[in-house]
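[1] turn this into a structure:
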Amino acid sequence: MASSQGMNQVGYVDCAGGGQVIARDGIAYIGHMRAPHGTTIVDVRDPKKPVVLAELSMPPGTHSHKVRVCGDIMVVNQEINNNDPNKASPDFLGGICIYDIADPGAPKLLSRWETKGQGVHRFDIDERYVYLSSTAEGYLAHIVIILDIQDPRHPVEVSRWWMPGQWLAGGETPNWDKTAHRCHHPLRMGNRLYTSYWQAGFHILGIDDIAKPQRISGLDWSPPFHCPTHTALPIPFDIRGRRYMVVADEDVYRPLDGVPAFLWMVDITDECAPMVVGSFQVEGVEDGPQPLATACHQPCEIITGTEIPVAWFAHGVRVIDIANPHALREVAHFVPDVPAGASRVQANDVTVDERGLIYLTDRQRGMTVIERV
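    Now for the predicted structure:
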């Protein structure tokens, strides 16, 4: 059964398992984990009675589980889904699709940017650029690619960045196993890209010249920790006169008796020398061996204050107060009902809208609308 502290359920959307969710101006956009479901657009102006406005589909063996919106533009990823028992067509090319959503109920495809390999995993956008985690011909696993979408009908690559060792076609040789070091996703703030890099920690990239991204610094804690780095989220304001970044590892790829993924607090006041100063784990998670996808996954990337909602897989959404960076603490939580046919909750992504409502997807089924009380 659902449990909560300091949060109440307002509404619920019965939909296929959700990846990323974005909500603004009374409309929620949900990317789905598995085909044939691609993207669902939902009217949540009355959050107690959500109404589905449009649904986009995907072919077997692929997915479109990430979505971003800026102005009247919606961007969704397209990627081969290695977790789908159905195989993608050999002709399928991953990438992104760019839509006009002036009418959210009738999205119009403007263009499709394609790439070799698995496709695009996650990304950030602004009024001018898309910052991709993408595979590319001649490279090992996902790298950073920046596209100019000033003309959304004709996206143009402006630059790319990768860890030395990924450019196989250029004669580079990785010193890691398979695809352990790969871009998960860049997040832009100012002239920096804060870029999670899976089992290579994170990298801070300077984009003063957006055509030539430059590495400023980074930090890698794998090993000794097993779980890969999922999100490097900069805080857009100072705390006690210092600058910080919240870093979330994802609770996958570890021994069942290994340390489950948690949230890190990193001081980036001197961005050339990031320092870990705090961490948070849900009470009781480390009391014994845990199955994968039990602990941390993804923080809300829209920061409105020192309280940050975080999707915590089997533990729903946890609201973490970072006002004291050395002592992160939970101030509220909400664990929804286990979806029909599932054995436990799998909270996947969380966002907030301008009303302060919180939207939580479960990767198995459903999106819950929650309010902080």
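
[2] what's the pLDDT at the residue sitting furthest away from the middle of the chain?
    Relative to the C-alpha centroid of the chain, counting by Cα atoms, centre = their mean, residue 171 is the outermost residue, at 31.3 Å. Note on residue 171: pLDDT of 97.

[3] try residue 337
    94.

[4] ok, residue 257 - how many residues close by?
    The number of residues packed near residue 257 is 8, by other Cβ atoms under 10 Å. For every residue, glycine as well, the C-beta is placed using N, CA and C.

[5] are there helices or strands packed against the helix or strand where residue 41 lies, and which ones?
    Residue 41 belongs to strand 37-43 when assigned by DSSP states H and E. If contacts are counted by 3 or more Cβ pairs under 8 Å, 6 or more residues apart in numbering; DSSP states H and E, strand 37-43 sits against strand 7-16, strand 27-32, strand 51-57, strand 73-80.

[6] put the alpha carbons of the third one into CSV.
    In other words, strand 51-57. This file holds the C-alpha atoms of strand 51-57, laid out as CSV (Å, rounded to 0.1, in the frame of the first residue of the first chain):
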residue,chain,number,x,y,z
VAL,A,51,-6.7,13.6,-19.7
VAL,A,52,-4.5,12.0,-22.3
LEU,A,53,-4.2,14.3,-25.3
ALA,A,54,-1.8,12.4,-27.6
GLU,A,55,0.3,9.3,-27.9
LEU,A,56,3.3,8.6,-30.0
SER,A,57,4.5,5.0,-30.7
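
[7] which residues touch that strand?
    Strand 51-57 has contacts (Cβ atoms under 8 Å, 6 or more residues apart in numbering) with 13, 15, 27, 35-43, 64, 76, 104-107.

[8] for the closest residue to residue 244 other than its chain neighbours, give me the pLDDT.
    In space, and not counting its chain neighbours, residue 244 is closest to residue 235: 4.7 Å by Cβ to Cβ, 6 or more residues apart in numbering. Per-residue pLDDT puts residue 235 at 98.

[9] do residue 331 as well
    98.

[10] if I look at it, how far off is residue 308?
    Computed as Cβ to Cβ, to the nearest Å, the residue 331 to residue 308 distance reads 10 Å.

[11] of these two, who's got more company?
    Neighbour totals were compared for residue 331 and residue 308, and residue 308 leads with 24 against 15 (other Cβ under 10 Å).

[12] next, that one: phi, psi?
    Note on residue 308: backbone dihedrals following degrees, to the nearest 10 are phi -120, psi 120.

[13] show me the contacts for it.
    By Cβ under 8 Å, 6+ apart, the contact list for residue 308 reads 246, 299-300, 319-322.

[14] how about residue 254?
    226-227, 260-261, 292.

[15] most neighbours, which of those?
    residue 261 (29 neighbours).

[16] pLDDT at that one, what is it?
    97.

[17] I'd say it and residue 247 touch.
    No - taking contacts as Cβ atoms under 8 Å, residue 261 lies outside contact range of residue 247: 10.6 Å.

[18] helices or strands up against the helix-or-strand element of the chain with minimal mean pLDDT?
    Each helix and strand of the chain was given a mean pLDDT (mean pLDDT, DSSP states H and E); the minimum falls on strand 3-5 at a mean of 92. In this structure, strand 3-5 packs against strand 329-335, with contacts taken as 3+ Cβ pairs under 8 Å, 6+ apart.

[19] ok, the strand it packs on: who's next to it in the sheet?
    Strand partners for strand 329-335, identified by DSSP bridges, are recorded as strand 3-5 (antiparallel), strand 317-321 (antiparallel).

[20] and of the ones you listed, who's closest to residue 145?
    strand 317-321 (31.0 Å; Cβ to Cβ).

[21] rewinding a little: I'd like the contacts of residue 308 as CSV, with distance to residue 89 appended.
    Output for the contacts of residue 308, formatted as CSV (distance: Cβ to Cβ, whole Å):
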residue, distance to residue 89
246, 39
299, 35
300, 35
319, 42
320, 42
321, 47
322, 45
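
[22] okay, residue 135 and residue 288: tell me how far apart.
    On the measure of Cβ to Cβ, residue 135 and residue 288 end up 38 Å apart.

[23] the more surrounded of those two?
    Taking neighbours as other Cβ under 10 Å, residue 135 and residue 288 compare with residue 135 leading, 25 against 8.

[24] list the contacts for the more buried one?
    Taking Cβ under 8 Å, 6+ apart, one finds 94, 115-120, 141-143 in contact with residue 135.

[25] quick one: common contacting residues for residue 331 and residue 308?
    319-321.

[26] following element in sequence after the helix or strand encompassing residue 96, please.
    With elements taken from DSSP H and E, the one containing residue 96 is strand 94-100. Next helix or strand after strand 94-100 toward the C-terminus (DSSP H and E): strand 108-115.

[27] just list what that next one packs against, helices and strands only.
    Under the contact rule (3+ Cβ pairs under 8 Å, 6+ apart), strand 108-115 is packed against strand 94-100.

[28] show me what the strand it packs on is packed against.
    Looks like strand 94-100 contacts strand 73-80, strand 108-115, strand 120-125, strand 129-134 (3+ Cβ pairs under 8 Å, 6+ apart).

[29] rerun at 10 Å
    Helices and strands touching strand 94-100, by 3 or more Cβ pairs under 10 Å, 6 or more residues apart in numbering; DSSP states H and E, are strand 37-43, strand 51-57, strand 67-70, strand 73-80, strand 108-115, strand 120-125, strand 129-134, strand 143-148.

[30] contact partners of the helix or strand following the second one?
    So that's strand 51-57. Once strand 51-57 ends, the next helix or strand along the chain (criterion: DSSP H and E) is strand 62-63. Here strand 62-63 makes contact (Cβ atoms under 10 Å, 6 or more residues apart in numbering) with 17, 19, 31-38, 77-84, 86-89, 92, 94, 118-119.
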